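Visitor: requesting a structural model of the entry that follows:
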Amino acid sequence: MTEDVLDIRKLSRLYPFLKETWNLFEELDETVEIKLQNKIYEDICNGVALILKQHDKKYIDFCKKLVRNYNLLCNNPGECKIKPSYCNDLNNWLYYYIKKENLDGEIFSNFFNDIIRQSKFYAPQNRMCLYSYDTNYSEPNKIVMLNIFESNISVIISVLKGQYDVMKCYCQEFVKEIVQIYKTMNEKYCRNGNGTIEKNVSTCSKLRTFSSLYTGYIYNEESMKSILPSLTSNNNIEFMSCESNVEEKKLQLENEMSALTQVYTKNELQEFEHQSSNIPTINIIPTVLSIIGGILSFFMLSYKFTPIGNMFRSKKRVKKIKSIYDRDEEKELFYHTPDKANIYSYNKRYEIAYGRL
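Guide: Next up, the predicted model:
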């Protein structure tokens, strides 16, 4: 887990109880299909590429995924409001995608910031997530892992207190790894006055958030203290490696995963069906044709677009992340838009400046 590029396949094998997170990475990473209702994505991104004079296919593909995943064409506040937990997961995927595709930092920044500007005219009530991993954090790949822990804290607690022995073993190993990340980073960046260095401020804030969650929600019971490491002590907790008796444990794990999946699936399916039934069938062809004719001139003249009505909303997007966030974290995740609901002063920053990754 020290590499810049997260190996999602390896992580999914090491920590199978986090399958919802690994599935989300894969779904967000899916290619935007070439079909009529997705043509607007291509036209928007081709317009951005024309302005930026950057026509590399990998950046246009990135742009289309970004517009789809951030749901920028949705203009119904009741259906399109982005939750802090979803921002967190989007940013985790975005960091992974940038590293995986080796995107140039400056080009990425230009695309990202231009799409943010356009989003205010498509859907002024929609809030755009702030991405700042590479500018605000030291060792952002490890920050991503801390975020994954936070997003799944309810799952982690459930597994640790549950009856599934093999799953619990994998979960213990995950927690042990995350605690080690915390200890190493806290010692390196937040001790001996280092926490006041500009780039370390956000890093140390994230570490404090992790510490509060870990001690307040997981390491607050005696039963947990006997199987999990302390943040302040160097005493090692010994437990049997999950790799012993591989074949036997593999079969047991499959049974446990099947049982755990049944618990999650019923509620999630009901939620998905409810959301799907509320998405109106929209004839987008007239809207698309009327917009495409003038889209490039609007880009060139004023970076503005006529607001588009409710557009096609991808049914594959996953909104089932379990996480615990407070108001302090929410203000770090959103750009300021005309939506008066977000009044935090932190959101005075609009642009992102990137060097080369």
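Visitor: what residue ranges in the stretch 151-300 of the chain score low on pLDDT?
Guide: 235-300 (pLDDT under 70).
Visitor: same thing but at 80, please
Guide: Applying pLDDT under 80 to the stretch 151-300 of the chain flags the ranges 164, 199, 234-300.
Visitor: would you map the helices across it?
Guide: Taking DSSP state H, counting those that start in this stretch, the helices of the stretch 151-300 of the chain run over residues 153-161, 165-189, 198-213, 222-225, 246-277, 285-302.
Visitor: list the contacts for Y219?
Guide: 225, 228, 230-231 (CB atoms under 8 Å, 6 or more residues apart in numbering). Quick note: C-beta positions are derived from backbone N, CA and C, even for glycine.
Visitor: of these, keep whichever come out buried.
Guide: Taking 16 or more other CB atoms under 10 Å as the criterion, what is buried in the contacts of Y219 is L228.
Visitor: relative to L160, which of the contacts of Y219 is nearest.
Guide: Nearest to L160 among the contacts of Y219: L228, at 7.6 Å, using CB to CB.
Visitor: show me the contacts for the nearest residue to that closest one once chain neighbours are set aside.
Guide: Closest residue in space to L228, ignoring its immediate chain neighbours: V175 at 5.6 Å, by CB to CB, 6 or more residues apart in numbering. When contacts are counted by CB under 8 Å, 6+ apart, V175 touches 149, 156, 160, 218, 228-229.
Visitor: ok, and the most crowded of those residues?
Guide: Neighbour counts for the contacts of V175 (other CB atoms under 10 Å) peak at I156, which has 25 neighbours.
Visitor: let me know how buried K188 is, in neighbour terms.
Guide: 14.
Visitor: pull out the buried positions in stretch 22-34.
Guide: 22, 24-25, 28, 32.
Visitor: about what we covered before: reformat the contacts of Y219 as a markdown table; add distance to K199.
Guide: Output for those, formatted as a markdown table (distance: CB to CB, whole Å):
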| residue | distance to K199 |
| --- | --- |
| K225 | 34 |
| L228 | 30 |
| S230 | 28 |
| L231 | 23 |
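Visitor: of the contacts of Y219, closest to E139?
Guide: L231 (17.9 Å).
Visitor: who are the neighbours in contact with that closest one?
Guide: Per CB under 8 Å, 6+ apart, neighbours of L231: 179, 182-183, 211, 214-215, 219.
Visitor: next one: I156
Guide: Contacts of I156 by CB under 8 Å, 6+ apart are 17, 149, 171, 174-175, 218.
Visitor: try it again with 6 Å
Guide: Residues near I156 by CB atoms under 6 Å, 6 or more residues apart in numbering: C171.
Visitor: roughly how far does it sit from K206?
Guide: 17 Å (CB to CB, to the nearest Å).
Visitor: cool, L228 as well?
Guide: Separation of L228 from K206 (CB to CB): 20 Å.
Visitor: excluding its backbone neighbours, what's nearest K58?
Guide: K58 sits nearest to E101 (CB to CB, 6+ apart), 5.8 Å away.
Visitor: pLDDT value on the one you found, please?
Guide: Per-residue pLDDT puts E101 at 91.
Visitor: oh, and call the first residue 23 from now on, that's how I've got it
Guide: Okay, residue one is now 23; in that scheme the one you just asked about reads as E123.
Visitor: next, give phi and psi for it.
Guide: phi -90, psi 0 (degrees, to the nearest 10).
Visitor: what is the burial count for it?
Guide: Residues near E123, counting by other CB under 10 Å: 15.
Visitor: measure it to D78 for me?
Guide: 10 Å.
Visitor: got a pLDDT number for the closest residue to L28 other than its chain neighbours?
Guide: Leaving aside its sequence neighbours, L28 sits nearest to Y118 (CB to CB, 6+ apart; 5.0 Å). If you check Y118, the pLDDT there is 91.
Visitor: am I right that Y118 is in a helix?
Guide: Yes: under DSSP: H, G, I helix; E, B strand; the rest coil, Y118 sits within a helix.
Visitor: number of nearby residues for V181?
Guide: V181 - counted by other CB under 10 Å - has 23 other residues nearby.
Visitor: who touches K41 in this structure?
Guide: Applying CB under 6 Å, 6+ apart, no residues qualify as near K41.
Visitor: for it, identify the helix or strand it belongs to.
Guide: helix 41-50 (DSSP states H and E).
Visitor: now for the helix or strand that that helix is followed by, which elements pack on it?
Guide: Per DSSP H and E, the first helix or strand lying C-terminal to helix 41-50 is helix 61-74. Here helix 61-74 touches helix 79-91, helix 307-324, going by 3 or more CB pairs under 6 Å, 6 or more residues apart in numbering; DSSP states H and E.
Visitor: now helix 61-74 - C-alpha only, PDB.
Guide: C-alpha atoms of helix 61-74 as PDB (Å, rounded to 0.1, in the frame of the first residue of the first chain):
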ATOM      1  CA  LYS A  61     -23.800  12.000 -26.700                       C
ATOM      2  CA  ILE A  62     -24.100  15.100 -24.600                       C
ATOM      3  CA  TYR A  63     -21.200  14.000 -22.500                       C
ATOM      4  CA  GLU A  64     -19.000  13.700 -25.600                       C
ATOM      5  CA  ASP A  65     -20.100  17.100 -27.000                       C
ATOM      6  CA  ILE A  66     -19.400  18.800 -23.700                       C
ATOM      7  CA  CYS A  67     -16.000  17.300 -23.300                       C
ATOM      8  CA  ASN A  68     -15.100  18.000 -27.000                       C
ATOM      9  CA  GLY A  69     -16.000  21.600 -26.400                       C
ATOM     10  CA  VAL A  70     -13.800  21.800 -23.300                       C
ATOM     11  CA  ALA A  71     -11.000  20.100 -25.200                       C
ATOM     12  CA  LEU A  72     -11.300  22.600 -28.000                       C
ATOM     13  CA  ILE A  73     -11.000  25.500 -25.600                       C
ATOM     14  CA  LEU A  74      -8.000  23.900 -23.900                       C
END
